[in-house]
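**Q** What follows is a protein structure lacking sequence information:
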């Protein structure tokens with residue numbers, strides 16, 4: 001019990017303001033804030049999985065502790081939460097609605113899945129896509 005409490009205290013060191021130090025600081029960047037009133041800043045601080053400070057280098061330095069990792073962005077652009085999963089939305093959406101054939105274990109199951117989709121498809125409409133594994 002005492003060891004667990006000590007470990008918790010050590011992993012969440014606090015600064016003079018009584019708040020935890022940031023785990024990560026990115027300084028000297030062009031931080032896009034997504035705030036129309038203040039669209040750009042110089043630095044950002046992150047604690048755990050949250051952005052805790054955005055502003056000038058001096059403002060964000062208040063969050064720096066002895067174990068804070070500091071990255072100098074050297075004037076480069078910093079985008080919060082940008083994640084490119086590289087999905088082509090139209091094709092990706094169509095694929096989600098396609099007949100799923102990739103794991104069909106036999107030609108019969110393959111045909112059954114297409115037949116079930118045909119029952120749900122209006123007369124004259126095409127059944128498109130159908131991701132299958134030509135090696136199976």
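**A** Sure thing, it's come through. As the structure is a prediction and not an experimental result, all values here were calculated from the model. Numbers count the residues shown, from 1 in each chain.
**Q** residue nearest the centroid of the chain?
**A** The structure's the chain has its C-alpha centroid closest to residue 83; by CA atoms, centre = their mean the separation is 5.1 Å.
**Q** number of nearby residues for residue 77?
**A** Around residue 77 sit 11 other residues, with neighbours defined as other CB atoms under 10 Å. Heads up, the C-betas are built off the backbone N, CA and C, glycines and all.
**Q** right, I mislabeled it, should have said residue 24
**A** Residues contacting residue 24 under the criterion other CB under 10 Å number 16.
**Q** again with residue 136
**A** 11.
**Q** check contacts around it.
**A** Each residue near residue 136 by CB atoms under 8 Å, 6 or more residues apart in numbering is listed here: 104, 105.
**Q** go on, residue 129?
**A** Per CB under 8 Å, 6+ apart, neighbours of residue 129: 94, 95, 97, 98, 99.
**Q** And these, which is closest to residue 67?
**A** The closest of the contacts of residue 129 to residue 67 turns out to be residue 95 (CB to CB; 44.4 Å).
**Q** which phi and psi does residue 89 have?
**A** Torsion angles at residue 89 (phi, psi; degrees, to the nearest 10) stand at phi -60, psi -40.
**Q** can you pull out the strands in this structure?
**A** 24-27, 30-32, 40-41, 43-47, 50-55, 69-72, 77-78 (DSSP state E).
**Q** Excluding chain neighbours, what is closest to residue 68?
**A** In space, and not counting its chain neighbours, residue 68 is closest to residue 22: 5.1 Å by CB to CB, 6 or more residues apart in numbering.
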